[in-house]
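Asks: Build the 3D model from these lines:
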Amino acid sequence: EGSVTKEMRASKLEGTARVGLRATRTSIHWQGVFRQPMLLPLLCLLGCVNALRLATPLPESRQCGRARAPRAIATLESTDVVEVTRTEETVEQLNSLSLQTHRCHSISSDAPPQVDPFALVHEQLTPLSSVVRSQLDAESHTLEHASQHFFGVGAAREGKRVRPVLVLLMAQATQAANTQDAQGGDMERRVQLASITEMIHTASLIHDDVLDAADTRRGDSAVHKLFSNKAAVLSGDFLLARASVALAKLGHAQVTREMAKALEALVQGELMQLKSSPEQRLSMQYYLTKSYCKTASLMAYSCKSSALLSGHALDSEVTVAAEKFGYHFGIAFQVIDDLLDFTGTSETLGKPGLQDMQLGLSTAPVLYAAESHPPLKALIQRKFGERGDVQSACEMVLRSDGLQRTKLLASFHAQAAVDACCSMPESASRDGLVNLCHKVLSRSS
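Replies: Residues are numbered from 1 along each chain as shown. A predicted model of the protein is given here:
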């Protein structure tokens, strides 16, 4: 009898793990992935998050906000609680939905709104680091200090806090768009969502630095350099675990599912970066999908979650616009980051320049340059692996129009983000989001 019970338990655990991992469908070949030891903690957490989805009852849909939008963004399939995320379809749907008819501001010809987006949320943003630190107490001194390194404990800069600012401004903007007295728009939950978003982002940075063997981050040594690879991986996992606990405490099942999809996309982005084929390294679409997974997905899902916490329905126009804003803003942010890899300095960036090519990564400036400099394609396909490849590629990029076209690509997505804002009612917070779109194009770090 004891043996049968153990078998049943083992079968149940195996089934739960299968459900969790099956929910992640990517175009990546999985052969060899599990030989990447630093990815295993993230993948295990992903399985746990999807198992949590399985145990979370579906909420009743709340009818709030303006008329419902077309099913532009994929939602639940039939009555399944475990959602199947198809990243390529999500990106395609976000791109196909145009909000240009709502345009109220031109990113290229209009001056930025005279409002400081950071000042608008200063009161909520100031205690963010202490709020996060209060959730990261651990019995292990090393684990506690490693996980709190970017939240005021270490010498590293705390960062721009762009993601929490987006969450807080979007919460205000979508609350202004709420024409009904909906539940769930309280400030405490918004601040908690902002801190959750920053915890997830910081965990991804710590894991990225281990995978990339980076020496510095935000002007200081990377966490794994200060402690060890194992401590860094565990501290990132600890951040994600505590973020998941905080997420559950929000008491909003749909927000839990949306933010879980952000975690899922982060994992997929790492897999895309690790397992790309020579042909995929030449593909602009592959690059943009990877940029969505690694950067824009967290911004998109956190903005979407802000709208949900403001009481809007999952498929309302406001929620769709919030996700679309986060998507386009995130792509613009990443494209400019890749541009700065060529034009910025180590001092302003807080990390070495030309780091992407040294890691074998092809970004927008390189892909555009390859169109007019065909010899660059061979360097891209071999991941700049031979001596002199990085320098040769850099020279070809600087001789081409790659940097200019990259700036235009970022401007296109920044304008699309502004158009999404324009679909919401006028407010100071909406102006703050528009102002951020200008800042992302002019940033130097």
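Asks: surely residue 360 meets residue 383?
Replies: Yes - contact criterion CB atoms under 8 Å: residue 360 and residue 383 qualify, at 3.0 Å. Just so you know, the C-beta spots here come from the backbone N, C-alpha and C atoms, and that holds for glycine as well.
Asks: Residue 125 versus residue 170, what's the distance?
Replies: To residue 125, residue 170 is 14 Å away according to CB to CB, to the nearest Å.
Asks: Which one's more surrounded, the two?
Replies: In this view residue 170 and residue 125 are compared by other CB atoms under 10 Å, and residue 170 has more residues nearby, 34 against 17.
Asks: Who are the contact partners of the residue nearest to that one when sequence neighbours are not counted?
Replies: Once flanking residues are discounted, residue 170 sits nearest to residue 306: 4.1 Å by CB to CB, 6 or more residues apart in numbering. By CB atoms under 8 Å, 6 or more residues apart in numbering, the contact set of residue 306 is 167-168, 170-171, 174, 190, 193, 322.
Asks: Including secondary structure, could the residues you listed go into TSV?
Replies: As requested, the contacts of residue 306 are arranged in TSV below (DSSP: H, G, I helix; E, B strand; the rest coil):
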residue	secondary structure
167	helix
168	helix
170	helix
171	helix
174	helix
190	helix
193	helix
322	helix
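Asks: Per-residue pLDDT of the residue nearest to residue 170, please?
Replies: On pLDDT, residue 306 comes in at 96.
Asks: What helix or strand is it located in?
Replies: Following DSSP states H and E, one finds residue 306 within helix 297-309.
Asks: can you give me phi and psi for residue 316?
Replies: Per-residue torsions, residue 316: phi -70, psi 160 (degrees, to the nearest 10).
Asks: should've said residue 107
Replies: phi -70, psi -20.
Asks: leaving aside the residues next to it on the chain, what's closest to it?
Replies: In space, residue 107 is closest to residue 415, 4.5 Å off (CB to CB, 6+ apart).
Asks: now for the helix or strand where the one you found lies, which elements pack on it?
Replies: Per DSSP H and E, residue 415 falls inside helix 402-422. For helix 402-422, the elements it packs on are helix 317-343, helix 364-372, helix 428-442, judged by 3 or more CB pairs under 8 Å, 6 or more residues apart in numbering; DSSP states H and E.
Asks: how much does that helix deviate in direction from helix 428-442?
Replies: Helix 402-422 and helix 428-442 meet at an angle of 180 degrees, taking axes from the mean of the first three to the mean of the last three CA atoms, to 10 degrees as the criterion.
Asks: Now do helix 402-422 against helix 317-343, angle only.
Replies: For helix 402-422 against helix 317-343, the angle by the same axes, to 10 degrees is 160 degrees.
Asks: What residues sit buried inside helix 402-422?
Replies: Residues 402-403, 405-407, 409-422 are the ones in helix 402-422 that count as buried (16 or more other CB atoms under 10 Å).
Asks: Isn't the residue nearest to residue 107 up against residue 106?
Replies: Yes - contact criterion CB under 8 Å: residue 415 and residue 106 qualify, at 7.4 Å.
Asks: Now do the shared contacts for those two.
Replies: By CB under 8 Å, 6+ apart, no residue touches both residue 415 and residue 106.
Asks: Can you pull out the low-pLDDT segments for the stretch 301-445 of the chain?
Replies: Along the stretch 301-445 of the chain, the parts satisfying pLDDT under 70 run over 345-352, 445.
Asks: Verify the contact between residue 430 and residue 421 for me.
Replies: Yes - contact criterion CB under 8 Å: residue 430 and residue 421 qualify, at 5.3 Å.
Asks: and for these two, which residues touch both?
Replies: residue 173.
Asks: How about residue 103: what's its closest non-neighbour residue?
Replies: Nearest one to residue 103, counting by CB to CB, 6+ apart, is residue 419 at 5.2 Å.
Asks: list the contacts for the one you found?
Replies: 98-100, 102-103.
Asks: From residue 434, how far off is it?
Replies: Residue 419 is 10 Å from residue 434, where distance means CB to CB.
Asks: What of residue 178?
Replies: Using CB to CB, residue 178 is found at 20 Å from residue 434.
Asks: With neighbour numbers in mind, choose between these two.
Replies: residue 434 (24 against 20).
Asks: how about that one, what does it touch?
Replies: 105, 112-113, 418, 421.
Asks: swap in residue 147?
Replies: Applying CB under 8 Å, 6+ apart, we find residue 147 in contact with 136, 138, 235-236, 238-239, 242.
Asks: and the helix or strand hosting residue 357, what other elements does it pack with?
Replies: Using DSSP H and E, residue 357 maps to helix 355-358. Judged by 3+ CB pairs under 8 Å, 6+ apart, helix 355-358 is in contact with helix 317-343, helix 389-399.
Asks: Could you identify which of those is most buried?
Replies: helix 317-343 (a mean of 26; mean count of other CB atoms under 10 Å).
Asks: what angle sits between that helix and helix 389-399?
Replies: Put simply, helix 317-343 runs at 110 degrees to helix 389-399, going by the same axes, to 10 degrees.
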